[in-house]
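Visitor: Have a look; sequence and predicted model below, questions after that.
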Amino acid sequence: MALTSQIADRRPQIARRNAHVAVLALQGDFEAHRRQLAEIGISSFEVRRPGELADAAGLVIPGGESTTLWKFFEAEPWEEALGRFAESGRPVLGTCAGAIVLAREVTNPTQKGTGILDIAVERNAYGRQLDSFVGEVAAPDLGGSLPAVFIRAPRIRRVGPEVEVLATLDGEPVLVRQGNVLAATFHPELTRDTRVHEAAFAPLAVPEGSSSK
């Protein structure tokens, strides 16, 4: 079944479940992600310490500045906590700087990544803040084009064999998925379109005939 159909089928089911998704609140526009999650009926909470991830049903790593995020990560065992979370099979969504954090390889300049997602990214690849833009990306598996806000965005330069490309801009991948992990080089939380968050957290949907708690 196409991802578009899965999202359409699960939309009312997601709304029935009070799933608690953690939104990393160290920096970036984490409040916009929380509003987007609320739109699809998923409750969320802010996390600022690794131990707070334990009971989360899913995780959002927002945009911001990846070098600043790593300063926080080096102060506490965030890298280990994020790796364990992804390995648990719970859904993870990283946007912009969040995609950089998830990547296996980071350039411009070379920087550490968690390696959770088998991609190579180039930081600030579209230019400076003034070169930020709003566009449309091709996302046939999500029902067609998506509005996308690019702010000092990275570019995905390589995808591994197990990585699925869900959206492209001028033929380049901008939204990818590997198992339970999604990464976008743009900011889906800054538009009114909820399809990226729906795609990321569709696994939290309650199957037909099941009861939610």
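Guide: Perfect, I can see it now.
Visitor: Now do the strands in this protein.
Guide: 20-24, 43-47, 58-61, 92-95, 103-107, 117-122, 133-137, 146-150, 155-159, 164-169, 172-178, 181-184 (DSSP state E).
Visitor: which stretch among these comes nearest residue 193?
Guide: Residue 193 lies closest to strand 146-150 among those, at 5.5 Å (C-beta to C-beta). Where C-beta positions appear, they are placed from N, C-alpha and C, glycine not excepted.
Visitor: Could you list the low-pLDDT ranges of the chain?
Guide: Low-confidence segments of the chain (pLDDT under 70): 1-19, 127-131, 205-213.
Visitor: before we move on, back to that, mean neighbour count added to the strands of the chain, as JSON lines?
Guide: Shown next, in JSON lines, are the strands of the chain (neighbours: other C-beta atoms under 10 Å):
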{"stretch": "strand 20-24", "mean neighbour count": "22"}
{"stretch": "strand 43-47", "mean neighbour count": "17"}
{"stretch": "strand 58-61", "mean neighbour count": "27"}
{"stretch": "strand 92-95", "mean neighbour count": "29"}
{"stretch": "strand 103-107", "mean neighbour count": "20"}
{"stretch": "strand 117-122", "mean neighbour count": "22"}
{"stretch": "strand 133-137", "mean neighbour count": "15"}
{"stretch": "strand 146-150", "mean neighbour count": "21"}
{"stretch": "strand 155-159", "mean neighbour count": "18"}
{"stretch": "strand 164-169", "mean neighbour count": "19"}
{"stretch": "strand 172-178", "mean neighbour count": "23"}
{"stretch": "strand 181-184", "mean neighbour count": "28"}
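Visitor: Can you add distance to residue 83 and give these back as JSON lines?
Guide: Below are the strands of the chain laid out as JSON lines (distance: least, C-beta to C-beta, whole Å):
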{"stretch": "strand 20-24", "distance to residue 83": "14"}
{"stretch": "strand 43-47", "distance to residue 83": "15"}
{"stretch": "strand 58-61", "distance to residue 83": "12"}
{"stretch": "strand 92-95", "distance to residue 83": "11"}
{"stretch": "strand 103-107", "distance to residue 83": "12"}
{"stretch": "strand 117-122", "distance to residue 83": "11"}
{"stretch": "strand 133-137", "distance to residue 83": "29"}
{"stretch": "strand 146-150", "distance to residue 83": "28"}
{"stretch": "strand 155-159", "distance to residue 83": "20"}
{"stretch": "strand 164-169", "distance to residue 83": "21"}
{"stretch": "strand 172-178", "distance to residue 83": "14"}
{"stretch": "strand 181-184", "distance to residue 83": "11"}
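Visitor: what's the closest of those to residue 194?
Guide: It's strand 146-150; of the strands of the chain, that one is closest to residue 194 (C-beta to C-beta) at 10.4 Å.
Visitor: For the closest one, list the C-alpha coordinates in PDB.
Guide: What follows is strand 146-150, C-alpha atoms only, in PDB (Å, rounded to 0.1, in the frame of the first residue of the first chain):
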ATOM      1  CA  LEU A 146       4.600  19.800  -0.300                       C
ATOM      2  CA  PRO A 147       5.200  23.400   0.800                       C
ATOM      3  CA  ALA A 148       8.700  23.600   2.300                       C
ATOM      4  CA  VAL A 149      10.600  26.300   4.200                       C
ATOM      5  CA  PHE A 150      14.400  26.100   3.800                       C
END
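Visitor: list the helices and strands it packs on?
Guide: strand 133-137, strand 164-169 (3 or more C-beta pairs under 8 Å, 6 or more residues apart in numbering; DSSP states H and E).
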